[in-house]
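Q: got a sequence here, can you model it:
(one chain, ligands or ions: 1)
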Amino acid sequence: MNIIRLECPSCQQTVELPEAEARRGLTCPSCFKFFTPALPPAPTPAQQQILENFQKPAAQKTRALAENIGTLAGLCLVADVLVLIASGIQSINGPATAGWIGGGALLGAAAWLFVVAQIIHIRANTEK
Ligand SMILES: [Zn+2]
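A: Numbering: from 1, shown residues only. Coordinates of the predicted model:
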């Protein structure tokens, strides 16, 4: 809500109030005269939309980035599960150390990417 400062046309008393209320007119708290201040016209819904679109891109970009990293984390996790299954099958026939290490590394990467995605998500929300 936009707070604006007005001057009473009768007694020059300064009044602070939300812009939406000022548009409906107000009674001066000092001389009790009702007046409707001359304010620049409120933005139309279309203009409001344009204004919002100007302010949005930063947060939207950040959110898209978070989503991409989240997807990457998911892919890492899927790849990790496949490697671990493959290692499990291999270890029936003999040691599959490389597979276990690779699986572990992928799991770590997935966890980190997930955490990074969450942090960026939080940042995107505060940018909104
Ligand atoms: Zn007044």
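
Q: pretty sure F35 is touching S10, no?
A: Yes - using Cβ atoms under 8 Å, F35 is in contact with S10, at 7.2 Å. All C-beta atoms are positioned from the backbone trio N, CA, C, and that covers glycine.

Q: now list whatever residues contact both of those two.
A: C28 (Cβ atoms under 8 Å, 6 or more residues apart in numbering).

Q: between these two, point out the one with more neighbours.
A: F35 (17 against 13; other Cβ atoms under 10 Å).

Q: for the more buried one, give the beta-bridge partners.
A: Beta-bridge partners for F35, by DSSP bridges, are L26.

Q: wait, what's in contact with it?
A: F35 neighbours (Cβ under 8 Å, 6+ apart): 8-10, 25-26, 28.

Q: do a quick rundown of the helices in the chain.
A: Using DSSP state H, the helices of the chain run over 19-23, 45-55, 57-93, 97-127.

Q: the ion is nearest to which of these?
A: The stretch from the helices of the chain with the least distance to the ion (Cβ to the ion) is helix 19-23; that distance is 14.0 Å.
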